[in-house]
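K.L.:
Any chance you could fold what I've pasted below:
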Amino acid sequence: MRRRSFIQSIAGLTVVSSFLPACQQQRVIKGRVIGASSHTGHLLRDKKFAAPAVTSEHAVVIIGGGISGLSAARYLHRQGVTDIVILDLEKEMGGNAACGKNDISGYPWGAHYVPIPNNDLTEYADFMRECGVITSAPDAPLPTYNDYHICFDPEERLYINGQWQEGLVPVFGVPDPEKKQIQEFLDKMQAFRLAKGADGKDAFTIPLDKSSKDPVFTALDNITMKDWLNQQGWDSTYLQWYVNYCTRDDYGTTYDQISAWVGIQYFASRKGKGTNAEHHDVLTWPEGNGWLAGHLKKEIQPYFRNEALAARIQEENGKLSIDYFDVKESRLKRINADQCILAVPQFVAGRILQDDARIRKVHEHLQYSPWMVANICTEELDERTGYALSWDNVLYNSPSLGYVEAPHQQVEQAKTKTNLTYYLPLTDKSPVEERKAALERTHADWVKMIVADLNKVHPDVAESIEEVNIMIWGHAMVKPLPGLAHGNIRHELGASVNDRIHFAHTDLAGNSLFEEAFYQGLNAAKKVMTQLSGKI
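P.N.:
Take a look at the predicted model:
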């Protein structure tokens, strides 16, 4: 009864057959595969557009409604700039912070938490205060966090050597010599967390560009995290698994590819402290970072134009001509604007600008990780032995990152059903190969993979799940390969064009973290304000 074969997928329904008497009915698992509008997005690459049918005039156009674009628009709005248009390809703004909901709870389609902010991020802390996440006044010695937003216990667990253990650092069944290596590694990360460069700056911090430029530390950007571990003599299988899990989790990149500087940044850049929280605590919501995106959207929704594919930008007669394809009306429209923020990945920006040199640089220096995220509606699952169901649940040596229980922060005690959000960065092959394979898989293929993975820890998973919906992120985040963090390419690509076109995206930050996106938008908006001074 614990093994089921998935035999077909018809109209978004996966039919499951079990090794039961032939008279028993087959179960139907509802669900579908969705994606970040890749088909429409590819029109930018493949289609020749006709002349625009409609033209309008606006002061600022922001292309891209992810966190960077929303942050930029919110800042401009608060500075008195109200003649804004935000173009986004999707039906909902939010980018990687997209979310959904059903009768049980909200759930994330992408990022599902943020760490306690570093205390020097004043604008970010102000935003958190407006959201009600920070409850103390700005002049308080330390911030106080709303307990309802700090991840509840039990927070995380790892299934390892036949048992669930508390925490994600391997402990249960780990030989003493390997435990010693793990502790040495953690001690080294703590030393890096406190370290400062010769320039007086933190060796590792958020945003990345506030970090020290001391060559003692930036040299780590020239090698991979795996090579650095091996240089230290840390060859423990358990330690190397843990580091690889962490780099795949935050950056969608395996430890044998990621820059050692960025790999260390994962452990050493968090320094936030509150009256009731430490740097290792996290803030989370059922809908994940979609909750924060919702707060960014509140004041700026009148500026939204969804299902709008930006096609090209040209400069004519002292103005920017921005053409976009209105998907709902199936026709091209034009906006003449003074300023534009391109809050999109650089491979998209290059095509919109029709800039062959930019496109070549992107292909030479940047790669983007594809991901699959599944939201699983299920009855309560049987458990293997060990630590109780937690917010974050990880399987040692699994290809996935495990799953989060989306309703974990809800205070209701009696739950017969729940939503599990399952994460799988597609890292086995090249990004191009993984994207192609992901688009070819059916709903049944994905469900079979998920059930086979979770069956290791939940023997009744095939009988208990009711619905599985799949999100494919073809270009979820930039891969922080060696040379990206402290090389020149991010700054070359991020330089404004003719003081009219500005860039804001986490690929220019070198990693896809919420704070980086927030400040990318803020910095681009400040450039726009400089140019608009005296015109408002």
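
K.L.:
Three-state assignment for the spatially closest residue to Ala374 that is not a sequence neighbour, please.
P.N.:
Distance criterion C-beta to C-beta, 6 or more residues apart in numbering; nearest residue to Ala374, sequence neighbours excluded, is Tyr422 at 4.3 Å. Placement of C-beta: from N, CA and C, glycine included. Per DSSP: H, G, I helix; E, B strand; the rest coil, the local secondary structure of Tyr422 is strand.

K.L.:
burial of Tyr422, as a residue count?
P.N.:
As a burial measure, the neighbour count of Tyr422 was computed by other C-beta atoms under 10 Å and equals 22.

K.L.:
Any regions of this protein where pLDDT drops low?
P.N.:
The model of the chain has pLDDT under 70 over residues 1-26, 36-49, 412-414, 534-536.

K.L.:
need the longest strand for it.
P.N.:
Ranked by number of residues, the top strand in the chain under DSSP state E is strand 465-478.

K.L.:
after that one comes which helix or strand?
P.N.:
Using DSSP states H and E, the helix or strand that directly follows strand 465-478 along the chain is helix 489-494.

K.L.:
For that following helix, give me every contacting residue.
P.N.:
Helix 489-494 has contacts (C-beta atoms under 8 Å, 6 or more residues apart in numbering) with 346, 349, 358, 361-362, 365-366, 483-484, 503, 507-510.

K.L.:
ok, of these, which one's closest to Phe267?
P.N.:
Checking the contacts of helix 489-494 against Phe267 by C-beta to C-beta gives Gly510 as the nearest, at 16.3 Å.

K.L.:
just to revisit the earlier point, neighbour-wise, give me the winner out of the contacts of helix 489-494.
P.N.:
Asp507 (30 neighbours).

K.L.:
hang on, that one packs against Leu366?
P.N.:
Yes: counting by C-beta atoms under 8 Å, Leu366 is a contact partner of Asp507 at 6.1 Å.

K.L.:
Mutual contacts of those two, please.
P.N.:
Both Asp507 and Leu366 are in contact with 346, 478, where contact means C-beta under 8 Å, 6+ apart.

K.L.:
contacting residues for the residue nearest to Ile472 when sequence neighbours are not counted?
P.N.:
Counting by C-beta to C-beta, 6+ apart, Ile472 lies nearest to Gly35, which is 4.2 Å off, once chain neighbours are set aside. When contacts are counted by C-beta under 8 Å, 6+ apart, Gly35 is found next to 439, 471-474.

K.L.:
Dump the contacts of helix 489-494 to JSON lines, plus secondary structure and distance to Glu166.
P.N.:
Putting the contacts of helix 489-494 into JSON lines (DSSP: H, G, I helix; E, B strand; the rest coil; distance: C-beta to C-beta, whole Å) gives the following:
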{"residue": "Gln346", "secondary structure": "helix", "distance to Glu166": "41"}
{"residue": "Ala349", "secondary structure": "helix", "distance to Glu166": "44"}
{"residue": "Arg358", "secondary structure": "helix", "distance to Glu166": "48"}
{"residue": "Lys361", "secondary structure": "helix", "distance to Glu166": "46"}
{"residue": "Val362", "secondary structure": "helix", "distance to Glu166": "43"}
{"residue": "His365", "secondary structure": "helix", "distance to Glu166": "41"}
{"residue": "Leu366", "secondary structure": "coil", "distance to Glu166": "38"}
{"residue": "Gly483", "secondary structure": "coil", "distance to Glu166": "38"}
{"residue": "Leu484", "secondary structure": "coil", "distance to Glu166": "35"}
{"residue": "Phe503", "secondary structure": "strand", "distance to Glu166": "43"}
{"residue": "Asp507", "secondary structure": "helix", "distance to Glu166": "36"}
{"residue": "Leu508", "secondary structure": "helix", "distance to Glu166": "38"}
{"residue": "Ala509", "secondary structure": "coil", "distance to Glu166": "33"}
{"residue": "Gly510", "secondary structure": "coil", "distance to Glu166": "33"}
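
K.L.:
Taking the residues you listed together, which two end up most distant?
P.N.:
Farthest-apart pair in the contacts of helix 489-494 is Ala349 and Gly483; separation 20.3 Å (C-beta to C-beta).

K.L.:
which SSE is the spatially most central residue of the chain in?
P.N.:
Centroid-nearest residue in the chain, with C-alpha atoms, centre = their mean: Ala111, separated by 4.3 Å. No secondary structure element spans Ala111, as it lies outside all helices and strands (assigned by DSSP H and E).

K.L.:
Run a quick neighbour tally on Thr416.
P.N.:
Neighbouring residues of Thr416 were enumerated by other C-beta under 10 Å; the total is 7.

K.L.:
So it is in contact with Leu381, correct?
P.N.:
No: because the distance of 11.5 Å does not satisfy C-beta under 8 Å, Thr416 is recorded as not touching Leu381.

K.L.:
which residues sit against the helix or strand that contains Arg74?
P.N.:
With the criterion set as DSSP H and E, the secondary-structure element containing Arg74 is helix 67-78. By C-beta under 8 Å, 6+ apart, the list of residues contacting helix 67-78 from outside reads 60, 62-63, 84, 86, 88, 93-97, 289, 292-293, 296-297, 299-300, 303, 341, 343, 504-506, 514, 517-522, 524-526, 528-529.

K.L.:
hmm, back to that, can I get the longest strand of the chain as CSV, trimmed to CA atoms?
P.N.:
Output of strand 465-478 as CSV, limited to C-alpha atoms (Å, rounded to 0.1, in the frame of the first residue of the first chain):
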residue,chain,number,x,y,z
ILE,A,465,-1.8,13.7,-1.0
GLU,A,466,-4.8,15.3,-2.7
GLU,A,467,-3.4,17.9,-5.0
VAL,A,468,0.0,18.8,-6.4
ASN,A,469,0.6,22.0,-8.3
ILE,A,470,4.0,22.6,-9.9
MET,A,471,5.7,25.9,-10.7
ILE,A,472,8.7,26.0,-13.1
TRP,A,473,11.1,28.9,-12.7
GLY,A,474,13.2,28.8,-15.9
HIS,A,475,15.6,31.6,-14.8
ALA,A,476,15.0,31.8,-11.1
MET,A,477,18.2,33.4,-10.0
VAL,A,478,21.7,34.3,-11.1
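
K.L.:
Pull out the buried residues from that strand.
P.N.:
Taking 16 or more other C-beta atoms under 10 Å as the neighbour-count basis, strand 465-478 is seen to contain the buried residues 465, 467-478.

K.L.:
between those, which is closest to Lys213?
P.N.:
Out of the buried residues of strand 465-478, the one with the shortest distance to Lys213 is Val478. That distance is 20.7 Å, counting by C-beta to C-beta.

K.L.:
quick one: contacts for the closest one?
P.N.:
If a contact means C-beta under 8 Å, 6+ apart, then Val478 has 345, 366-369, 484, 506-507, 510-512 as its contacts.

K.L.:
Then Gly197?
P.N.:
Contacts of Gly197 were listed using C-beta under 8 Å, 6+ apart, and they are 203, 212-214, 216-217.

K.L.:
May I have the residues that are in contact with Gln346?
P.N.:
Contacts for Gln346 (C-beta under 8 Å, 6+ apart) come out as 358, 362, 366, 493, 503, 505, 507-508.

K.L.:
Could you tell me how far it is located from Pro482?
P.N.:
18 Å (C-beta to C-beta, to the nearest Å).

K.L.:
Now do stretch 231-244: distance to the chain's middle.
P.N.:
On the basis of C-alpha atoms, centre = their mean, to the nearest Å, stretch 231-244 sits 25 Å off its chain's mean C-alpha point.

K.L.:
So which bits of it are buried?
P.N.:
Within stretch 231-244, judged by 16+ other C-beta under 10 Å, the buried ones are 234, 236, 238-240, 242-244.

K.L.:
Kindly check the end-to-end length of that stretch for me.
P.N.:
For stretch 231-244, the first-to-last residue distance is 16 Å (C-alpha to C-alpha, to the nearest Å).

K.L.:
please begin residue numbering at 886 from this point
P.N.:
Fine by me, first position is 886 from now on; the one you just mentioned is stretch 1116-1129.

K.L.:
Mind telling me the two of the contacts of Gly920 farthest from one another?
P.N.:
Pairwise distances across the contacts of Gly920 (C-beta to C-beta) peak at 12.6 Å, for the pair Leu1324 and Met1356.
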